[in-house]
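Q: Got a predicted structure plus its sequence, pasted below:
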Number of protein chains: 2
Amino acid sequence: MKLTNSQEEYLKTIYLLEKNNKKVRVTDIAKKLKITKPSVNKGINVLKEIGLVNYEAYGDIILTEKGKKLALNIIKRQDILEMFLVNVLEIEKDEAIEEAKALKHAISQNTALKLNKYITEVLNLEELECGYNINNEKCRNCLRVTAKNRLNKNTNN
Amino acid sequence: MKLTNSQEEYLKTIYLLEKNNKKVRVTDIAKKLKITKPSVNKGINVLKEIGLVNYEAYGDIILTEKGKKLALNIIKRQDILEMFLVNVLEIEKDEAIEEAKALKHAISQNTALKLNKYITEVLNLEELECGYNINNEKCRNCLRVTAKNRLNKNTNN
DNA sequence: TCCTTTTGTTAGTTTACGCTAACATTTTAC
DNA sequence: GTAAAATGTTAGCGTAAACTAACAAAAGGA
């Protein structure tokens, strides 16, 4: 199941809208992704064909279990990247979000896992107050880093 | 000047073939990129239109100054990524090469520079015997890392 | 109700980039 | 020097994903 970048964006968007207790419609996705409704319509119908969403004409768009699983995976990859960019490379937040979005499609599952491992185990990033755990997505984008400082101290002698 | 991924692959390939003192022809590129000659022909003619290569029908393909500059830039981005993947995330070489190829198009100039800085300044990677310098591409893919070990020692106490 | 606005769909275009089939040119080998 | 092999080009197809224009359906207000 190899999705295109655009399909990943659709799944991610649907998941995040669903999470907001919203009924997800073509217009919502179009607005979020800043593309036109006909483009979304086509895209969704392809996702339906490959079994990732349920959809009937003029109805709501609902992720299937398979679609939800994939969406979570995509979001996780993007989050790992974003954390790395913001907290390790110290890239400004807005820029990091855009960059993570672009990189998430190119990065493999394996590399994302290794990157996650590097961030959490090697750099030993501090836990969040809210108990963020990259594997069960309680909260996004608020990780703090202490390892960077620790690292700088150590390499300066 | 925003290039497509495929255009970046063309430029990179042409540059690396040129460096081997070879006259670069359509067939060489097709073999290297594992695509057909007609595809290459079209691609090269687009690069010609936008001023990145000189090319006359049945002739040699030669990068313009602008094309060469871009090619070097692309190669540098890929090298930085590859170094990071191999030496920091410890991903197996062949896999890292493929991954770097895919990521290089998505990564921005700024992020590539920050990543380079992180590798060289923060992690303080060891210099190579051959005097590799990421800014003047003497040799690829043989960087050694010591910072990782240093880092592990420091985070384990 | 019925008319307007909002929302959704269909049809057809564009761009990028691969492909095959067919043809043209150039090079090589005898 | 010419025939075969290698190389290059042209034409046209397919797919993905965006677009506009035009039409269809649903929802909401007087």
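A: In hand now; what should we look at?
Q: For the rest of this, base every contact and every neighbour count on C-alpha atoms.
A: Will do.
Q: near DNA strand D, anything from the longest helix along chain A?
A: Secondary structure of chain A per DSSP state H: the longest helix is helix A:65-83. No. Contact of helix A:65-83 with DNA strand D (C-alpha under 7 Å from any atom of the strand) is absent, the minimum separation being 14.6 Å.
Q: Just the CA atoms of that helix, as PDB, please.
A: C-alpha atoms of helix A:65-83 as PDB (Å, rounded to 0.1, in the frame of the first residue of the first chain):
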ATOM      1  CA  GLU A  65     -10.000   1.300  10.200                       C
ATOM      2  CA  LYS A  66      -7.300   0.800   7.700                       C
ATOM      3  CA  GLY A  67      -7.400   4.500   6.800                       C
ATOM      4  CA  LYS A  68      -7.300   5.600  10.400                       C
ATOM      5  CA  LYS A  69      -4.300   3.400  11.000                       C
ATOM      6  CA  LEU A  70      -2.400   4.900   8.100                       C
ATOM      7  CA  ALA A  71      -3.400   8.400   9.100                       C
ATOM      8  CA  LEU A  72      -2.000   7.900  12.500                       C
ATOM      9  CA  ASN A  73       1.200   6.600  11.000                       C
ATOM     10  CA  ILE A  74       1.500   9.600   8.800                       C
ATOM     11  CA  ILE A  75       0.900  12.000  11.600                       C
ATOM     12  CA  LYS A  76       3.400  10.200  13.800                       C
ATOM     13  CA  ARG A  77       6.100  10.500  11.100                       C
ATOM     14  CA  GLN A  78       5.400  14.200  10.700                       C
ATOM     15  CA  ASP A  79       5.500  14.700  14.500                       C
ATOM     16  CA  ILE A  80       8.900  13.000  14.800                       C
ATOM     17  CA  LEU A  81      10.300  15.200  12.100                       C
ATOM     18  CA  GLU A  82       8.800  18.300  13.500                       C
ATOM     19  CA  MET A  83      10.300  17.600  16.900                       C
END
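Q: name the helices or strands packed onto that helix?
A: The contact analysis (3 or more C-alpha pairs under 8 Å, 6 or more residues apart in numbering or on different chains; DSSP states H and E) places helix A:65-83 against helix A:5-19, helix A:93-106, helix A:109-117.
Q: Against which helices or strands is the shortest one packed?
A: Read it as helix A:109-117. helix A:65-83.
Q: could you check the angle helix A:109-117 makes with the helix it packs on?
A: Angle between the axes of helix A:65-83 and helix A:109-117 is 50 degrees (criterion: axes from the mean of the first three to the mean of the last three C-alpha atoms, to 10 degrees).
Q: Give me the buried positions along helix A:65-83.
A: Using 16 or more other C-alpha atoms under 10 Å in any protein chain shown as the test for burial, helix A:65-83 gives A:67-68, A:70-83.
Q: quick one: the longest helix of chain A to helix A:5-19, angle?
A: Using the same axes, to 10 degrees: helix A:65-83 against helix A:5-19 is 100 degrees.
Q: from the middle of its chain, how far away would helix A:65-83 be?
A: Distance of helix A:65-83 from its chain centroid, counting by C-alpha atoms, centre = their mean, to the nearest Å, is 5 Å.
Q: Let me know the pLDDT of the nearest residue to A:E65 once chain neighbours are set aside.
A: Once flanking residues are discounted, A:E65 sits nearest to A:L52: 7.6 Å by C-alpha to C-alpha, 6 or more residues apart in numbering or on different chains. According to the prediction, A:L52 has pLDDT 97.
Q: State the distance from A:E8 to chain B.
A: With the distance defined as C-alpha to the nearest C-alpha, to the nearest Å, A:E8 ends up 15 Å from chain B.
Q: Now do the contacts for that residue.
A: A:71, A:74, A:105 (C-alpha atoms under 8 Å, 6 or more residues apart in numbering or on different chains).
Q: is it true that the second one touches A:A102?
A: This means A:I74. No. If you go by C-alpha atoms under 8 Å, A:I74 and A:A102 don't touch, sitting 11.7 Å apart.
Q: picking up where we left off before, the longest helix of chain A versus helix A:93-106: what angle between them?
A: Relative orientation of helix A:65-83 versus helix A:93-106 (the same axes, to 10 degrees): 130 degrees.
Q: before we move on, the earlier item: which of the contacts of A:E8 sits closest to A:I61?
A: Closest approach to A:I61 among the contacts of A:E8 (C-alpha to C-alpha): A:A71, at 13.9 Å.
Q: so who does that closest one touch?
A: A:8, A:11-12, A:15.
Q: Same list (these) but as TSV, adding pLDDT and distance to DNA strand D.
A: What follows is these, written out as TSV (pLDDT from 0 to 100; distance: C-alpha to the nearest atom of the strand, whole Å):
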residue	pLDDT	distance to DNA strand D
A:E8	96	8
A:L11	97	11
A:K12	96	13
A:Y15	95	17
